[in-house]
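Q: predicted model and sequence follow; I will ask about them next.
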Amino acid sequence: MTDSGQSTASAAGPKRKDARRNQQTLLDAAAAVFVTSGVEAPVRDIAAKAGVGMGTIYRHFPTRADLVIAVYRHQVDACAEAGPTLLATSPSPHAAFEQWVGLFVDFLVTKHGLAAALQTDNAGFETLHAYFLDRLLPVCAQLLDAAAASGEIRPGLDAYQLMRGIGNLCIGADSDPRYDARRLVALLVGGLRRP
């Protein structure tokens, strides 16, 4: 390979890294706009938040469903990756678990409108749900096991049941300003403590 071939190859590497960073910026901006305006928010609002043109968004995500799915997967991945990091850096396994539950609740509260955006794609919705469970159940179980092993919470808790319970407490959080899902989830998590 010649020197010019090597410089071309090395120039392609940073460009790909920039493209990934740009896509992450788009996903973060879309997630933030979805929180305040729902998944039907105008693409121009997302573009403005990301600091890009609308064409950039359509180049990465040709349809709204593509964007919603990408944001959903991005948020699931971030929540899954946070678990081990929190466990390694928090003062206790229970503190890590509480912080992770907070991230999980934020994720659940912001995903309202997902079903409507994917209403014609039941298979796609089922695939996303399976992805959600595959990525998050093991993380929740790991955090529960660590907190139980340290004696901070009761042993024998089932991650799936807990995640379902948290999910049920988050229903309606976006439609009733008087309803505080985060407070109720905090009470649930507090009730897991050993007496």
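A: Done, it's in.

Q: C-alpha from now on. contacts and neighbour counts both.
A: Fine.

Q: tell me how many other residues surround residue 127.
A: Residues near residue 127, counting by other Cα atoms under 10 Å, number 11.

Q: which of the residues in the helix or strand hosting it are buried?
A: Element membership of residue 127, judged by DSSP states H and E, is helix 122-149. By neighbour count on 16 or more other Cα atoms under 10 Å, the buried set for helix 122-149 is 125, 128, 132, 135-137, 139-148.

Q: burial count for residue 86?
A: 19.

Q: any idea of the mean pLDDT in stretch 50-59?
A: Taken as a whole, stretch 50-59 carries a mean pLDDT of 90.

Q: centre-most residue in the protein?
A: residue 75 (2.1 Å; Cα atoms, centre = their mean).

Q: my read: that one touches residue 107, true?
A: Yes - between residue 75 and residue 107 a contact is recorded at 6.7 Å, counting by Cα atoms under 8 Å.

Q: residue 55: which element?
A: helix 54-60.

Q: got the buried residues for the helix or strand just after that helix?
A: Scanning forward in sequence from helix 54-60 by DSSP H and E, the next helix or strand is helix 64-89. Buried residues in helix 64-89, defined by neighbour count with 16+ other Cα under 10 Å: 64-65, 67-76, 79-80, 82-84, 86-87.

Q: what about the closest residue to residue 153 other than its chain neighbours, distance to residue 136?
A: For residue 153, ignoring the flanking residues on the chain, the nearest one in space by Cα to Cα, 6 or more residues apart in numbering is residue 193 at 4.1 Å. Distance, residue 193 to residue 136, by Cα to Cα, to the nearest Å: 22 Å.

Q: repeat that for residue 191.
A: 21 Å.

Q: over to residue 103?
A: Counting by Cα to Cα, the gap from residue 103 to residue 136 is 11 Å.

Q: then residue 183?
A: Taken as Cα to Cα, the span from residue 183 to residue 136 is 22 Å.

Q: how about residue 38?
A: With Cα to Cα as the criterion, residue 38 and residue 136 are 23 Å apart.

Q: and the helix or strand in which residue 107 is found, average pLDDT?
A: If you go by DSSP H and E, residue 107 is part of helix 93-110. In this model, helix 93-110 has an average pLDDT of 91.

Q: many thanks, have a good one.
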